[in-house]
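# Sequence and computational prediction follow.
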Amino acid sequence: MAQQIPITPQISNWKLFFEILGRQVSIRRSLWWLFLLLFVYVVLVVSEPYFYKLFVDTLQSSIGKPELFQQTSVFFMQISALWIVLVLLSIGTFTLYDFAINTLVNTDWKAFSLAASRKMMCLPMDYHVSTNIGERQKIYDRGIDTIWNVAYTVYVEVLPQILIFILLLIFGFYINPLMMLISLFVMPIGVVISMTVGKRAHMLQKNVSDLWDKIFGRFGDGLTNLGIIRLYAREKHESEIVGNMIDYTSDKQFQIRKLWCFLNAGGKLLEFIWKVGVTIAWVFFILHGRMTLGDLFFFVTLAGRIYSPLQTLENSYRNIIKFLADFSKVRNLLEMSDEPNSGSKIFTALEKSLTYNHLTFSYPSNDREVLRDISFEIKKGQKVAFVGHTGSGKTTLTQLLTRFYEPISGSIEIDGVDIREFTLESYRSRLAAVFQDTTLFNDTIRHNLEYVRDGVTFEQIREACRQANILEFIEGLEKGFDTEVGERWLKLSGGEKQRLAIARAIIADPEILILDEATSALDAKTERLIQDAFNTLMEGRTSIIIAHRLSTIRHADRIFLFEKGEMIGSGSHDELYASSPVYREMVDYQKNGFVEEKENTMSLAET
Ligand SMILES: Nc1ncnc2c1ncn2[C@@H]1O[C@H](COP(=O)(O)OP(=O)(O)OP(=O)(O)O)[C@@H](O)[C@H]1O
Ligand SMILES: [Mg+2]
């Protein structure tokens with residue numbers, strides 16, 4: 001069930017290339033008018049050199065013949081008018097074509113960006129846990145731009161140039177085949193060199209793109225853990241690590257640049273050889289009267305136009321090679337399955353019980369069984385507690401309940417229905433959790449609270465905050481509910497953050513409630529203060545509480561005790577204390593601590 005996270009794709013460039021272009025065709029099937037527009041533009045462009053030939057030939061035939069002056073002038077004016085019309089028309093058709101392509105590619109780019117961002121949201125939890133934020137952002141960012149880069153480059157640069165090139169060849173061969181052959185003599189060498197170097201560059205570029213993603217991943221990780229870096233004065237160390245990665249990657253990137261530099265130099269050398277060759281040929285032909293000066297002008301222009309498309313094509317080829325490497329990564333993400341959501345039943349309420357049935361689980365990234373054959377039942381409205389040493393699997397049990405992961409075998413059932421049979425949306429909308437690590441959006445307090453339920457009123461938000469004992473604090477802030485929480489919630493204390501999370505859970509109005517170390521960031525006094533809030537929150541709801549501070553759970557209806565992924569006991573506090581040496585040891589260990597502080601316990605049994 002573990003999904004492999006694709007790093008280096010094994011898919012041919014051609015397939016990727018045509019896949020991108022195919023996307024635009026599928027948006028708008030009738031592209032014929034676009035190509036017609038392009039064809040008109042290309043014909044107009046290609047016919048331009050012919051005007052030079054006409055100009056020069058007319059000029060040559062009228063030199064030293066004053067009697068032809070008027071006739072020549074009229075002819076010149078006619079040709080010039082035609083030329084202007086032709087140039088204006090070619091600009092007009094190309095602008096229209098460019099505009100249409102922009103519209104088309106933009107539509108596709110928008111759809112692709114949406115699909116990729118939706119996919120990011122829906123990928124299985126394991127993918128997100130196993131990759132860095134920076135790396136993920138980079139893949140997304142570069143990946144979606146490839147649509148623009150490849151499609152636009154192909155339609156607006158490559159395609160017109162290829163057509164111009166073909167038409168120029170036909171035109172040139174029609175006018176003077178021998179001259180045309182001579183004009184082209186170095187081209188095959190150039191194409192072969194470009195293709196060979198390009199292939200090698202692509203291989204290198206794919207690896208370098210992977211390396212850049214790793215750098216962004218590491219960099220993002222560093223920014224996330226900036227507090228730790230500062231606290232332990234590891235800025236230099238961190239900069240060195242990132243610096244070394246950049247050093248290594250830049251060297252690799254430079255190797256690719258060097259390849260292109262050699263190719264440029266080779267291109268210039270070939271161009272020079274070509275110029276010498278054709279100049280000799282032209283002189284020979286003119287001296288032998290086999291070419292007019294007009295023909296010479298025509299071929300000089302033609303040859304220039306043939307080589308300029310070739311240069312554009314070579315540049316585009318380089319860029320496309322790089323873009324394809326980026327595209328393949330985001331494409332691989334899009335190929336991954338979403339988190340499983342094949343259920344069709346709508347979950348509304350828990351009527352009788354929630355059951356874990358012979359559940360066994362290991363995380364996708366690790367074969368080790370974290371939970372083994374776990375079975376127990378929680379009745380509707382019960383407040384139960386999961387207790388066990390750290391790493392015993394308590395949080396994992398709740399992560400299976402939230403369907404962040406799927407069991408290897410066994411199931412979790414609600415009223416006899418496997419929770420996988422419910423649609424994720426209907427199921428999760430009836431669940432709320434306050435976890436060990438609370439995260440908040442970098443937005444206002446109000447936004448963070450209203451986020452969990454559509455249509456919640458401000459009064460309901462205030463009431464939830466009052467119950468979570470955070471209202472006074474919020475209203476004491478200068479901007480009240482409109483205070484920005486700050487990137488990575490730095491502006492709030494751990495306790496404030498956790499009380500906000502409690503208020504958020506109250507607003508969500510869940511059927512099933514999970515409190516995983518929900519009060520761990522609160523001092524004993526505050527914990528006591530929000531006791532009522534918890535009791536109100538848990539009233540009528542099936543609740544699972546996880547807490548190392550055993551005072552918090554001693555009045556739970558039932559306590560389930562876990563040890564190394566197995567359930568080793570269950571019962572009320574007194575029953576377990578009497579029957580389980582492990583539980584007894586845990587309680588006794590805290591004896592002088594919170595268990596004795598009876599007045600400070602959450603009165604779960606009374607709710
Ligand atoms: N995403 C993950 N990938 C792989 N292993 C994991 C992952 N999350 C947790 N584990 C492992 O699963 C085991 C159970 O972890 P879990 O978080 O469920 O323990 P816990 O009982 O909640 O511990 P604590 O009391 O410290 O919160 C641990 O050994 C942990 O290392
Ligand atoms: Mg835990």
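In hand now; what should we look at? Because the structure is predicted, anything quoted here is derived from the model rather than measured. Ligands and ions are numbered 1, 2, ... in the order given.
# only C-alpha atoms for contact and neighbour calcs from this point on.
OK.
# Quick check: mean pLDDT of stretch 57-67?
Mean pLDDT, computed over stretch 57-67, is 79.
# what about it, start to end distance?
With C-alpha to C-alpha, to the nearest Å as the measure, stretch 57-67 spans 17 Å from end to end.
# how much space between the residue nearest in space to the middle of the chain and D338?
The centre of the chain sits closest to Y140, judged by C-alpha atoms, centre = their mean, with a distance of 2.5 Å. From Y140 across to D338, the span is 16 Å (C-alpha to C-alpha).
# Do a quick rundown of the strands in this structure.
353-361, 371-379, 383-388, 409-414, 417-418, 431-434, 512-516, 542-546, 558-563, 566-571 (DSSP state E).
# Report the inter-axis angle for the second one versus strand 558-563.
Here strand 371-379 runs at 180 degrees with respect to strand 558-563, directions being taken by axes from the mean of the first three to the mean of the last three C-alpha atoms, to 10 degrees.
# strands paired with strand 371-379, and their directions?
strand 353-361 (antiparallel) (DSSP bridges).
# With the last one instead?
Partner strands for strand 566-571, per DSSP bridges, with pairing direction: strand 558-563 (antiparallel).
# quick revisit: so can I have a markdown table of the strands of the chain showing mean neighbour count?
Formatted as a markdown table, the strands of the chain follow (neighbours: other C-alpha atoms under 10 Å):
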| stretch | mean neighbour count |
| --- | --- |
| strand 353-361 | 20 |
| strand 371-379 | 18 |
| strand 383-388 | 26 |
| strand 409-414 | 20 |
| strand 417-418 | 16 |
| strand 431-434 | 22 |
| strand 512-516 | 24 |
| strand 542-546 | 25 |
| strand 558-563 | 22 |
| strand 566-571 | 18 |
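# For ligand 1, what's its nearest residue on the stretch 101-250 of the chain.
Using C-alpha to the nearest ligand atom, the closest approach of the stretch 101-250 of the chain to ligand 1 is made by V129 at 6.2 Å.
# Centre of the protein to the edge, which residue is at the far end?
E67 (74.0 Å).
# which non-adjacent residue is nearest D57?
Using C-alpha to C-alpha, 6 or more residues apart in numbering and skipping residues adjacent in sequence, the residue nearest D57 is G294, 4.8 Å away.
# Quick one, which of the strands of the chain gets closest to ligand 1.
Ligand 1 lies closest to strand 383-388 among those, at 6.3 Å (C-alpha to the nearest ligand atom).
# Output the closest one as CSV, restricted to C-alpha atoms.
In CSV, the C-alpha atoms belonging to strand 383-388 read as follows (Å, rounded to 0.1, in the frame of the first residue of the first chain):
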residue,chain,number,x,y,z
LYS,A,383,-15.0,8.9,27.1
VAL,A,384,-12.2,6.6,26.7
ALA,A,385,-8.4,7.0,27.2
PHE,A,386,-5.4,5.5,25.5
VAL,A,387,-2.5,5.1,27.8
GLY,A,388,0.9,3.7,27.3
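# ok and the residue in the stretch 401-550 of the chain nearest ligand 1?
For the stretch 401-550 of the chain, the residue closest to ligand 1 is H548, as judged by C-alpha to the nearest ligand atom, at 6.9 Å.
# so what's that residue up against?
Residues near H548 by C-alpha atoms under 8 Å, 6 or more residues apart in numbering: 387-388, 517.
# Including pLDDT and distance to F185, could these go into TSV?
Output for the contacts of H548, formatted as TSV (pLDDT from 0 to 100; distance: C-alpha to C-alpha, whole Å):
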residue	pLDDT	distance to F185
V387	94	82
G388	93	81
E517	84	77
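# re the thing from before, quick one: the residue of the stretch 401-550 of the chain closest to ligand 1 from K394, how far?
11 Å.
# shared neighbours of the two, anything?
387-388.
# burial measure for S26, as a count.
By other C-alpha atoms under 10 Å, 11 other residues sit near S26.
# pLDDT at it, what is it?
Confidence at S26, expressed as pLDDT, is 71.
# Same check on S239?
The model reports S239 with a pLDDT of 90.
# burial count for it?
For S239, using other C-alpha under 10 Å, the count is 13.
# just the one 5 residues further on next, same as before
Counted with other C-alpha under 10 Å, residues neighbouring N244 total 13.
# and it, how far is that from R257?
Separation of N244 from R257 (C-alpha to C-alpha) stands at 20 Å.
# residues near T249, how many?
T249 has 20 nearby residues by other C-alpha under 10 Å.
# if I read this right, F76 contacts F55, doesn't it?
Yes: with contact defined as C-alpha atoms under 8 Å, F76 counts as touching F55 (7.2 Å).
# intersection of neighbour lists for the two?
Counting by C-alpha under 8 Å, 6+ apart, F76 and F55 have no contacts in common.
# quick check: domain ranges of the chain?
The chain breaks down into these domains under automatic domain parsing: 13-335, 342-430+516-607, 439-509.
# which residues touch stretch 241-249?
Under C-alpha under 8 Å, 6+ apart, the answer for stretch 241-249 is 208, 211-212, 215, 218-219.
# I meant stretch 121-135, not that one.
3, 5, 213-221, 336-340, 363-365, 404-405.
# at 6 Å what do you get?
Stretch 121-135 is contacted by residues 213, 216-217, 220, 338-339, 404 when judged by C-alpha atoms under 6 Å, 6 or more residues apart in numbering.
# what about the nearest residue to M291 once chain neighbours are set aside, neighbour count?
Closest residue to M291 apart from its sequence neighbours, by C-alpha to C-alpha, 6+ apart: F285 at 5.7 Å. A count of nearby residues for F285, using other C-alpha under 10 Å, gives 15.
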